[in-house]
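Student: have a look at this prediction, sequence included:
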Amino acid sequence: MPITLSLGRPSDQPSPLWGWSGLERPAPPRVPPRGQRRFGVPTALDTSVTPMQGWDVGQTLSLVSEIGALLEELEEQGVSCIQKHAIREYLLEFPDLLDVIPIAVRAAKEIFPEGQLVLGVYQDPEVDDRYLALYVRLPDYDESFLQRLEEAEAGFIDRLSNKAGWLQLTTDFRTPGTTDVF
């Protein structure tokens, strides 16, 4: 029996992962009694979560909750999270990265205090490869940029060994506040 919770995934984008089915289009909801309505629309959004293979429902829900908390924490720290549903799916598939991401963000903020950080999932257009990308966006890029990028990456790169999945610190050479995505 599916568990119902709110994740906010668009219903027209099926999840490629086994274990998280995303939003399902439910039958039209029955109209709740007047005291339980908000602006005339039911307040609950139905989402089915199937336990990850080899996990029980509690472990799966705990992981979903941990990912949501991480994304909220990152946004509170000023990190822009692009395509949140893709980030959630990637972290459901590679939960080992949950402890590395905050360390990478701290390292990047330490070296690039003037920069904007953007987290997203990069999908290689030529081969079937995807990974988390933490982009540094600066107002101006100078000759020290690549050296500083390597210095920031050195603050967390060793923590990626023996982990499934990957987190790449990089840049798209855009200026902070750019709204287009990669």
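Tutor: Yep, that arrived. Residues are numbered from 1 along each chain as shown.

Student: quick one: average pLDDT of the host helix or strand of Leu119?
Tutor: Assessed by DSSP states H and E, Leu119 sits inside strand 116-123. For strand 116-123, the mean per-residue pLDDT is 95.

Student: next, the angle strand 116-123 makes with the helix or strand that comes right after that strand.
Tutor: Next helix or strand after strand 116-123 toward the C-terminus (DSSP H and E): strand 130-137. On the basis of axes from the mean of the first three to the mean of the last three C-alpha atoms, to 10 degrees, strand 130-137 is oriented at 150 degrees to strand 116-123.

Student: identify the residues contacting strand 130-137?
Tutor: If you take C-beta atoms under 8 Å, 6 or more residues apart in numbering as the criterion, strand 130-137 is touched by 79, 87, 90-91, 97, 101, 104-105, 108, 112, 115-124, 149, 152, 165-172, 174-176, 178, 182. The way it works is simple: take the backbone N, C-alpha and C, and place the C-beta from them, glycine included.

Student: partner strands of it, parallel or antiparallel?
Tutor: strand 116-123 (antiparallel), strand 167-170 (parallel) (DSSP bridges).

Student: now do the buried residues in the longest helix belonging to the chain.
Tutor: Determined from DSSP state H, the single longest helix within the chain is helix 57-76. Using 16 or more other C-beta atoms under 10 Å as the test for burial, helix 57-76 gives 60, 63-64, 67-68, 70-71, 74.
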